[in-house]
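Chemist: based on what follows, work out the 3D shape:
(one chain, ligands or ions: 2)
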Amino acid sequence: MTNAYDAAYARSIDDPQGFWGEAAEALVWTKKWDKVLDDGAAPVYRWFAGGELNTCYNCLDRHVDEGNGGRTALIYDSPVTGGQKRQYTYEQLRDEVATFAGVLAAQGVGKGDRVIIYMPMVPEAAIAMLACARLGAIHSVVFGGFAAHELAVRIDDATPKAIVSATCGIEVNRVIEYLPLLKGAIDAAKHKPESTIVLARPECEADLAALGYLDWATEMAGAAPHDCVPVAATDPLYILYTSGTTGQPKGVVRDNGGHAVALKWSMKNIYDADPGDVYWAASDVGWVVGHSYIVYAPLLHGCATVMFEGKPVGTPDAGAFWRVIAEYGVKILFTAPTAFRAIKKEDPNAELLKQYDMSKFELLFLAGERTDPDTLNWAEKILGVPVIDHWWQTETGWAIAANCMGLHRFPVKAGSPTKPCPGWNVQVLDAETHEPVAPGTVGAICIKLPMPPSSLPTLWNAADRFKQAYLTEFPGYYSTSDAGMYDEDGYISIMGRTDDIINVAGHRLSTGGMEEVLASHPDVAECAVIGVADQMKGQLPVGFLVLKSGVTKDTDDIVSEIVQLVRNQIGPVAAFKQATVVPRLPKTRSGKILRGTMQKIADNQEWKMPATIDDPVILEEIEDALEGIGYAASRKE
Ligand code: COA
Ligand code: AMP
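Modeler: Ligands and ions are numbered 1, 2, ... in the order given. Predicted coordinates:
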């Protein structure tokens, strides 16, 4: 017996052109596409070739033009500033965005130019993103928890004409001054932006003119609104840098047409959202979830989106999410499991929930890391609504697998994000034979090409790296670098990454990038970083250091310096707080560090002595070192 999901899925695979061509009719195009799917350069595919549209028009102006300008578009709620709140209707947001587009245009920003946005969770961040989209400029948002060095790397790769920033971000316990970070990054970068526009926040005043920066408010006051500039569907909307296997991040490129089509489609079919609903993605605009589900998708669909400048706990308590849901009538919440683990730890019986009217709340979606059954069961129990784990990546821009609430509601199985979403031909392949494996068998999760709209068409400035990283290992497929399996019912489970990416509090980080920082310390001869299991954040990085011979410095001092170095180079978001000095690193005879075995020891899992190890005693030293920093290391009998 088929249901709406089965029918949609089958059609999306058998007739992708028909399926997505129909979905694209939900948008306003200034020129219709020539081809829904252009496969002329396979394995690189392009969606809606020949078509033209403007993403900002579809997010804002069209709702005003259709008579819905009075609807709420954006709700800003900021406990970290002492409770600031602000709302914008679609008409107001359109006007703000058009004016800021005028500000950027006056600085010479036009179609195809890059603009880096380094901002906290304030409406101006979304306004800047949409203003870029309005002009056909390409934004690249950099998360505020990254340090100056990471910002500099992105400035050099994206070569932006302008940077948009703010004087500060605000964490629970401190104000993060952005201007020293910004100055450090611009000084360090080879490329210099022509202009820097800064939002002055009352929590941190600064003499912007003295620094050569433009003041957001002054520029807005003198700007003329700018209209939407049509762009090719295949033109980039944004670049979002994400962790690769080295310190050089990957610039994931998102196009305009495919992105808008897939995101608009996802709102009803995956999230069961309707225009006018209040939709809240409790993430940050610096992450892909923030791009897709704080800014673009809810606005494309005519929903009210919530921008929350706060945390699940500590602003002021573990009832913050319930307060926001009740206050604005949120129907759908999307966040990371780690947020729920944080709430559960502080308020295990959800006492704070009793104070709030949750009657409008219908669905909770979780992503960014696997939802562990404990967290899933707890969230279901306290909220009494479906809790939906869904799996995706920065590269895809929307969910690869989900329980599509607007199509068919399958029973939830804890630990599984349910089934592939329409458009995603997900196969679990054997790493050696590249053939699909049987249900119940773990393999490499790959997507048979072509991938659906919104998935990355390339990496910025790195077309070869794109092919090498994603399309080469399994010809004809995109390799997700996640391992997993199907069960007999066609549910998929994601077991973890097959590369050195780790997931810390739902944030994607590269252990390879951290190793590069550790190796730059003058006393370090060799190093390794692994991700070890953590009850709250899912994983935490731990460093192993082999010191150069003759180093006599106190090892505690070296470890403190290393921790500070990672914080300064990558940023606090790396959550790198633990390292230990070891005499040597375990390696295979060919010199490969046995990170997998080290991780198993740290996670107190069973492990086997690798046949290829050069000296088994080294693993005992690792066991000792891990116990020395508080891990219940598993021991080889
Ligand atoms: N700017 C500056 N610093 C930031 C930052 C930002 N935007 N975001 C985080 N940081 C800092 C934190 O203050 C912390 O600093 P510390 O080492 O001095 O304590 C560090 O980076 C690590 O941050 P995080 O791992 O987020 O830990 P946390 O203890 O601050 O918060 C959670 C833990 C679970 C509450 C938080 O990670 C969370 O809400 N996560 C779920 C939502 C989410 O962001 N998902 C992302 C993808 S959907
Ligand atoms: P990011 O690019 O930051 O979204 O991180 C993507 C990675 O996070 C994926 O490749 C997975 O390893 C992991 N991930 C995201 N969502 C899930 C999920 N629902 N279940 C398991 N892992 C997930």
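
Chemist: skip ahead from the one helix or strand Leu104 maps to and say which helix or strand is next.
Modeler: If you go by DSSP states H and E, Leu104 is part of helix 90-106. Toward the C-terminus, helix 90-106 is succeeded by strand 114-118 as the next helix or strand (DSSP H and E).

Chemist: angle of whichever helix or strand comes after that next one against strand 114-118?
Modeler: Once the chain leaves strand 114-118, the next helix or strand it forms, by DSSP H and E, is helix 123-135. Between helix 123-135 and strand 114-118, the angle comes out at 170 degrees (axes from the mean of the first three to the mean of the last three C-alpha atoms, to 10 degrees).

Chemist: which other helices and strands does helix 123-135 contact?
Modeler: Helices and strands touching helix 123-135, by 3 or more C-beta pairs under 8 Å, 6 or more residues apart in numbering; DSSP states H and E, are helix 55-56, strand 72-78, helix 90-106, strand 114-118, strand 138-141, strand 236-242, strand 304-308. C-beta here means a position set from N, CA and C on the backbone, and glycine is covered the same way.

Chemist: out of these, which is the most enclosed?
Modeler: Most buried of those, by mean neighbour count (mean count of other C-beta atoms under 10 Å): helix 55-56, with a mean of 30.

Chemist: what lies in contact with it?
Modeler: 97, 101, 130-131, 133-134, 228, 231, 237, 256, 259-260, 296, 300 (C-beta atoms under 8 Å, 6 or more residues apart in numbering).

Chemist: quick revisit: out of the helices and strands packed on helix 123-135, flag the one nearest ligand 2.
Modeler: strand 236-242 (5.3 Å; C-beta to the nearest ligand atom).

Chemist: the helix or strand following that closest one vs strand 236-242, what angle?
Modeler: Remark: after strand 236-242, the chain's next helix or strand is strand 250-255, criterion DSSP H and E. Interaxial angle of strand 250-255 relative to strand 236-242 (the same axes, to 10 degrees): 160 degrees.

Chemist: which of the residues in the helix or strand containing Ala379 are buried?
Modeler: Following DSSP H and E, one finds Ala379 within helix 373-383. Neighbour-count burial for helix 373-383, counted by 16 or more other C-beta atoms under 10 Å, picks out Thr375, Leu376, Trp378, Ala379, Ile382, Leu383.

Chemist: kindly export it (C-alpha atoms) in CSV.
Modeler: The C-alpha coordinates for helix 373-383 follow below in CSV (Å, rounded to 0.1, in the frame of the first residue of the first chain):
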residue,chain,number,x,y,z
PRO,A,373,17.2,7.4,22.4
ASP,A,374,17.3,8.8,25.9
THR,A,375,17.0,12.4,24.7
LEU,A,376,14.3,11.4,22.2
ASN,A,377,12.3,9.6,24.8
TRP,A,378,12.6,12.4,27.3
ALA,A,379,11.6,15.1,24.8
GLU,A,380,8.6,13.0,23.7
LYS,A,381,7.5,12.4,27.2
ILE,A,382,7.7,16.0,28.5
LEU,A,383,6.3,17.7,25.3
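
Chemist: just checking: what are the partner strands of the helix or strand just after it?
Modeler: Where DSSP H and E defines the elements, the next helix or strand beyond helix 373-383 is strand 387-389. Sheet pairing of strand 387-389 (DSSP bridges) gives strand 363-366 (parallel).

Chemist: name the surrounding residues that touch the helix holding Leu104.
Modeler: 56, 60-61, 63-64, 68-74, 88, 115, 123-124, 127-128, 130-132, 134-135, 137, 162, 197, 216, 219-220, 223-227, 302.

Chemist: what's the burial count for Gly490?
Modeler: Using other C-beta atoms under 10 Å, Gly490 has 14 other residues around it.

Chemist: retrieve the pLDDT associated with the residue in the chain sticking out farthest from the centre.
Modeler: Among the C-alpha atoms of the chain, the one most distant from their mean position (C-alpha atoms, centre = their mean) is that of Gly550, at 42.8 Å. In the predicted model, Gly550 carries a pLDDT score of 94.

Chemist: again with Glu637
Modeler: 53.

Chemist: what do you get for Ala633?
Modeler: Taking Ala633 on its own, its pLDDT is 69.

Chemist: likewise for Glu380?
Modeler: Glu380 is assigned 98 on the pLDDT scale.

Chemist: next, count neighbours for the spatially closest residue to it that is not a sequence neighbour.
Modeler: Of all residues not flanking Glu380 in the chain, Val387 sits nearest, at 4.9 Å (C-beta to C-beta, 6 or more residues apart in numbering). By other C-beta under 10 Å, the residues close to Val387 number 23.

Chemist: so Val387 touches Ala367, yeah?
Modeler: No - checked against C-beta atoms under 8 Å, the pair Val387 and Ala367 is beyond contact range at 11.7 Å.

Chemist: picking up where we left off before, same list, the buried residues of helix 373-383, but as TSV with distance to Gln248 please.
Modeler: Shown next, in TSV, are the buried residues of helix 373-383 (distance: C-beta to C-beta, whole Å):
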residue	distance to Gln248
Thr375	34
Leu376	36
Trp378	39
Ala379	37
Ile382	43
Leu383	41
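
Chemist: out of those, who's nearest ligand 1?
Modeler: Thr375 (11.6 Å).

Chemist: before we move on, the earlier item: could you dump the helices and strands packed on helix 123-135 into a markdown table with distance to Gln605 and mean pLDDT added?
Modeler: Putting the helices and strands packed on helix 123-135 into a markdown table (distance: least, C-beta to C-beta, whole Å; pLDDT from 0 to 100) gives the following:
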| stretch | distance to Gln605 | mean pLDDT |
| --- | --- | --- |
| helix 55-56 | 46 | 99 |
| strand 72-78 | 41 | 98 |
| helix 90-106 | 50 | 98 |
| strand 114-118 | 39 | 98 |
| strand 138-141 | 37 | 98 |
| strand 236-242 | 28 | 97 |
| strand 304-308 | 37 | 98 |
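
Chemist: which one of the ones you listed lies nearest to Ile593?
Modeler: strand 236-242 (23.6 Å; C-beta to C-beta).

Chemist: roughly how far is that closest one from the heart of the chain?
Modeler: Put simply, strand 236-242 sits 11 Å off its chain's centre (C-alpha atoms, centre = their mean, to the nearest Å).

Chemist: give me the helices and strands touching that strand, please.
Modeler: Secondary elements touching strand 236-242 (3+ C-beta pairs under 8 Å, 6+ apart): helix 123-135, strand 138-141, helix 148-158, strand 250-255.

Chemist: let's have those in JSON lines, adding distance to His191.
Modeler: Formatted as JSON lines, the helices and strands packed on strand 236-242 follow (distance: least, C-beta to C-beta, whole Å):
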{"stretch": "helix 123-135", "distance to His191": "18"}
{"stretch": "strand 138-141", "distance to His191": "12"}
{"stretch": "helix 148-158", "distance to His191": "5"}
{"stretch": "strand 250-255", "distance to His191": "14"}
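
Chemist: reformat these as TSV; add distance to ligand 2.
Modeler: Output for the helices and strands packed on strand 236-242, formatted as TSV (distance: least, C-beta to the nearest ligand atom, whole Å):
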stretch	distance to ligand 2
helix 123-135	18
strand 138-141	14
helix 148-158	15
strand 250-255	8
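
Chemist: report the buried residues of the helix or strand harbouring Phe321.
Modeler: Take DSSP H and E as the rule and Phe321 turns out to sit in helix 320-328. Within helix 320-328, the residues scored as buried using 16+ other C-beta under 10 Å are Ala320, Phe321, Trp322, Arg323, Val324, Ile325, Ala326, Tyr328.

Chemist: perfect, that will be all.
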